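Asker: Just need the structure, nothing else, for what follows:
(2 chains)
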Amino acid sequence: MRELLTWLEASGLGQAMRHAGVWSYGVANLIHILGVATLFGSVLVLDLRLLGAFARAPLAAIAAPTVPLATIGFTIAVLSGSCLIVTNATEYIGNPLLLIKFPAIGLGLVNALVLGFVPAWRDRSARDLTARERRQLAVFGGVSLASWLTALACGRLIAYW
Amino acid sequence: MQAKLAAGFCAAILGVFVATTALAHHGWAGQSTEDFTLKGKVSKALSLSGPHATMQITDEKGQVWDLTLAPPPRTEASGLKEGVIPMGAEVSILGKRNLDPQKFEVKTERVTYNGKNYDVYPDRVPSPSK
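Answerer: As a prediction, the model looks like this:
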């Protein structure tokens, strides 16, 4: 972890961030919050639907806007977050919240990728799902909500360690 | 089902709040309320990158102190820019020390160099220079 963070801080992006003016960190932070808000807001609605809430709205109707918005939010969060972490990366050496945040992001990503291959998810607009399939999707919704909530909480608390 | 979900979600948010309160070292909660003054030589020059401006000074006993200043734009507005204070220069500071005696860190409100006060938190120091 020490080597990786030292390398990140010495990287070209790290140097660029440190020489990009006194507002650079603040602006990158603002963009990061926009990305995270877009990602988590979309994921929250979709995951609650998978868990059985808002059952009157068809899953396909909820997935249509939330999936692309979550993808866009995630991309913005990764790009801006990279700028934030490289600025003073060595400050995070030994920060346990970092070690919870990134595995949580990994779990959220893997969960979303695997969901993409689940027949019940792929057939969401083609047919009615069975009770068993709905329970299966609810598991993905629960894992997703738990991982993104963990990533969000740890991300915010990194600064307080 | 919906009520249970809502309750669970509220409980999770509440948990995050409790954790945040317990960890609130960002800001002034982790610092002493007593004024703390220190003299030393600049051993790591001012950096205006990151969430807060930072620098290091070394006191006469050789102890290295981490100085956390205001956020970069506010620090710069006090007149304290990168390059203003050279390495090795003698400075004195006023601020609030970290409550943890193992941490040699001061949230710095004023840096005095060459007879000039740089008040990075002008609302927290006596008779601010501007």
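Asker: check contacts around B:Tyr118.
Answerer: B:78-80, B:84, B:110-112, B:129 (Cβ atoms under 8 Å, 6 or more residues apart in numbering or on different chains). Every residue, glycine included, has its C-beta placed from N, CA and C.
Asker: can you give me the offset of the helix or strand hosting A:Leu46 from its chain's centre?
Answerer: In the assignment (DSSP states H and E), A:Leu46 maps to helix A:24-50. Taking Cα atoms, centre = their mean, to the nearest Å, one finds the center of helix A:24-50 at 8 Å from the center of the full chain.
Asker: hang on, the earlier thing: please tabulate the contacts of B:Tyr118 in CSV and include pLDDT as additional columns.
Answerer: CSV is the format used below for these (pLDDT from 0 to 100):
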residue, pLDDT
B:Ser78, 96
B:Gly79, 96
B:Leu80, 96
B:Val84, 95
B:Arg110, 97
B:Val111, 97
B:Thr112, 97
B:Ser129, 64
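Asker: So which of those residues wins on neighbours?
Answerer: Compared across the contacts of B:Tyr118, B:Val111 has the highest neighbour count, 27 neighbours, by other Cβ atoms under 10 Å in any protein chain shown.
Asker: Quickly check: the helix holding A:Leu46 near chain B or not.
Answerer: Yes: against chain B, helix A:24-50 shows contacts by Cβ under 8 Å from any Cβ of the partner chain at A:24-26, A:29, A:48.
Asker: Make a ChimeraX selection of the buried ones in the residues you listed.
Answerer: Here is the ChimeraX command that selects the buried residues among those (16 or more other Cβ atoms under 10 Å in any protein chain shown):
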select /A:24,25,29,48
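Asker: which of the residues of helix A:24-50 next to chain B lies closest to A:Thr90?
Answerer: A:Tyr25 (15.3 Å; Cβ to Cβ).
Asker: which residues are contacting stretch A:38-55?
Answerer: With Cβ under 8 Å, 6+ apart, stretch A:38-55 has contacts from A:57, A:59, A:62-63, A:65-67, A:69-70, A:72-74, A:76-77, A:108, A:134, A:137-138, A:140-142, A:144-145, A:148-149, A:152, B:1-2, B:5, B:9.
Asker: In it, which residues are buried?
Answerer: For stretch A:38-55, by 16+ other Cβ under 10 Å, it's A:38-40, A:42-54.
Asker: ok, now stretch A:121-131?
Answerer: In stretch A:121-131, counting by 16+ other Cβ under 10 Å, buried: A:121, A:124, A:129.
Asker: Tell me which of those residues fall in strands.
Answerer: Using DSSP state E, no member of the buried residues of stretch A:121-131 falls in strands.
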